[in-house]
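Colleague: quick one: sequence and predicted model below, then my questions.
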Amino acid sequence: MLTLIKNIKELLQVRETSILKVSGAEMNNLPLLKNAYVLIENDIITAFGAMENCPEIHAELEIDASECVVLPTWCDSHTHLVYAGNRVQEFVDRINGLSYEEIANRGGGILNSAQKLNETSEDEIYEQSKVRLEEVMKLGTGAIEIKSGYGLTVDGELKMLRVIKRLAENYPIKIKATFLGAHAFPKEYKDNHSGYIDLIINEMLPKIADENLADYIDAFLETGYFSVEETERIMEAGKKFGLIAKIHVNQFTAIDGIKACVKHNALSVDHLEVVTDEDIEALKNANTIPVALPSCSYFISIPYTPARKMIAAGLPLALATDYNPGTTPSGNMNFVVATACIKMKMTPEEAINAATINGAYAMGISETHGSITIGKKANLIITKPIHSFYQLPYEFGSNLIDKVIIEGKTI
């Protein structure tokens, strides 16, 4: 099937040749065409350019995008979208003055979600999760990473990963699965960390590999959770099963975790609300991309990733939602892009690059997603009539999306 989108006011993120990511000052360069067209054949972009050069095309579907902006769909490289129930009470607890650590110490936080997940059937978790997935697709997300980590038992982690696999099989969106058994220590392993890590390595990982349930491996590398040494052990084990590391790090404290992640060739290091000069040096010239999660900072009132300092140092940066029931109960990438501009002082160009091509890199899919490039997947956002793409972060509380096309189909 041929689809022609014509008379596009602004066509963003056009790349003649495929790139993997943008870094430093290049992040402020967002190539665009005015008065443009895009041609889609089935699920692939086959041509784009200025309307004056648009050939005579007899397309089965024509979309007139006059006064509209068209850009690649968002690539959300860090979510916990699969979970059971919610943690609304913890939201109220935080308003009443309790910290994240205090909530966790009294049985809340990750362990609360783990209890709910293990008490809920796989089918029910799937039904809850697909509603969230459908919502984020309508909000413009065309590729998403989803983590396990609320099982913390062999059966619970497998249950989560099987739900993620079912979602990937039943929806057109590109889904990458990450095994996050090392999200927290279960109560019974509170004083036996090595015993739980043995369970992850010797029981969980082989079963996950047998069923081909994960692409990546993760750990919550943080004071009070998994130490640098414990995380290194998990990253090494993941490599043996073909799982590249994507690691939670520097959310609350800096304990040389980023240096360890770079040493183990992690694809991404995520959170980075606390960043030292040594961390920035470790990331220079590395293949590891930093990922900021600004709506998490917004929701639990912690510092924002220092984007300006990192970009000035020549680093790349990706943006993601951290969609989860405890610290970011939203998968809205439009709000993430706006918050990055408003609170992290990223330019709209930088933020859109971070949420498209760099987000794709942080998922290992930038060869097929993240830009308007011939041969890439036809994943596009078509806005309502607007004056400029700057309105996307400016009107942060409005839904300016008219249509979302994922793999060539309007959803």
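Modeller: That came in fine, so what should we check first?
Colleague: A312: how many residues sit nearby?
Modeller: Using other Cβ atoms under 10 Å, A312 has 12 other residues around it. Placement of C-beta: from N, CA and C, glycine included.
Colleague: for the residue nearest to it when sequence neighbours are not counted, list the residues it contacts.
Modeller: In space, and not counting its chain neighbours, A312 is closest to G24: 7.7 Å by Cβ to Cβ, 6 or more residues apart in numbering. Contacts for G24 were tallied using Cβ atoms under 8 Å, 6 or more residues apart in numbering; they are I311, A312, A313, G314, L315, P316.
Colleague: what does K147 give?
Modeller: Counting by Cβ under 8 Å, 6+ apart, K147 touches H78, T79, H80, V82, A177, T178, F179, L180, H183, D218.
Colleague: between those, which is nearest I381?
Modeller: T79 (18.2 Å; Cβ to Cβ).
Colleague: got a list of what that closest one touches?
Modeller: Applying Cβ under 8 Å, 6+ apart to T79 gives the contacts I144, E145, I146, K147, A320, T321, D322, Y323, N324, G331.
Colleague: can you check C75 too?
Modeller: Neighbouring residues of C75 by Cβ under 8 Å, 6+ apart: 141-144, 355-357, 359-360, 362-363, 365, 369-370.
Colleague: next, give me the two most distant ones among those residues.
Modeller: Of all pairs drawn from the contacts of C75, the widest gap by Cβ to Cβ lies between I144 and I357 and measures 15.6 Å.
Colleague: those two - which one has more neighbours?
Modeller: More crowded of I144 and I357, by other Cβ under 10 Å: I144, with 31 against 27.
Colleague: give me the phi and psi for Y323.
Modeller: Torsion angles at Y323 (phi, psi; degrees, to the nearest 10) stand at phi -50, psi 110.
Colleague: run a quick neighbour tally on it.
Modeller: With neighbours defined by other Cβ under 10 Å, the count for Y323 comes to 31.
Colleague: show me the beta-bridge partners of it.
Modeller: Listed by DSSP bridges, the beta-bridge partners for Y323 are T79.
Colleague: quick check: pLDDT value at it.
Modeller: In this model, Y323 is scored at 98, pLDDT.
Colleague: surely it touches P329?
Modeller: Yes. Contact criterion Cβ atoms under 8 Å: Y323 and P329 qualify, at 7.4 Å.
Colleague: for the spatially most central residue of the chain, what are its contacts?
Modeller: Residue closest to the average C-alpha location in the chain (Cα atoms, centre = their mean): S77, at 2.1 Å. Residues in contact with S77, defined by Cβ under 8 Å, 6+ apart, are E145, K176, K246, S268, D270, V291, A318, A320, G359, A360, A362, M363.
Colleague: ok, the contacts of K147 vs V131, which is closest?
Modeller: Here the nearest of the contacts of K147 to V131, counting by Cβ to Cβ, is V82; it sits at 11.5 Å.
Colleague: look at that closest one and give its secondary structure.
Modeller: Three-state call for V82 (DSSP: H, G, I helix; E, B strand; the rest coil): coil.
Colleague: go ahead and confirm it touches I164.
Modeller: Yes. V82 lies in contact with I164 (Cβ under 8 Å); the separation is 5.7 Å.
Colleague: and the strands in the stretch 51-200 of the chain, which stretches?
Modeller: Here the stretch 51-200 of the chain has its strands, by DSSP state E, counting those that start in this stretch, at 61-64, 69-72, 74-76, 141-147, 174-182.
Colleague: in TSV: those, plus mean pLDDT and distance to Q115.
Modeller: Below are those laid out as TSV (pLDDT from 0 to 100; distance: least, Cβ to Cβ, whole Å):
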stretch	mean pLDDT	distance to Q115
strand 61-64	96	47
strand 69-72	98	39
strand 74-76	98	26
strand 141-147	98	18
strand 174-182	98	16
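Colleague: which one of those is the most hemmed in?
Modeller: Most buried of the strands of the stretch 51-200 of the chain, by mean neighbour count (mean count of other Cβ atoms under 10 Å): strand 74-76, with a mean of 32.
Colleague: note down every partner strand of that strand and its orientation.
Modeller: strand 141-147 (parallel).
Colleague: also compute the angle for the strand it pairs with relative to strand 174-182, please.
Modeller: Using axes from the mean of the first three to the mean of the last three Cα atoms, to 10 degrees, one finds that strand 141-147 and strand 174-182 are set 20 degrees apart in direction.
Colleague: that older thread, which non-adjacent residue is nearest the residue nearest to the centre of the chain?
Modeller: Leaving aside its chain neighbours, S77 sits nearest to A362 (3.7 Å; criterion: Cβ to Cβ, 6+ apart).
Colleague: quick one on the thing from earlier: can you name the two of the contacts of S77 that are farthest apart?
Modeller: Across those, the longest distance by Cβ to Cβ is 15.0 Å; it joins D270 and A360.
Colleague: on that earlier part again, contacting residues for the residue nearest to S77?
Modeller: Contacts for A362 (Cβ under 8 Å, 6+ apart) come out as C75, S77, H78, E145, K246, L267, S268, D270, I289, V291, A318, A320.
Colleague: what do you get if the cut-off is 10 Å, keeping everything else the same?
Modeller: Counting by Cβ atoms under 10 Å, 6 or more residues apart in numbering, A362 touches 21, 75-78, 145, 176, 246, 267-270, 288-291, 316-320, 354, 370.
Colleague: cool, G85 as well?
Modeller: With contact set as Cβ under 10 Å, 6+ apart, G85 has these partners: N112, S113, Q115, K116, L117, E119, T120, E124, I125, Q128, P325.
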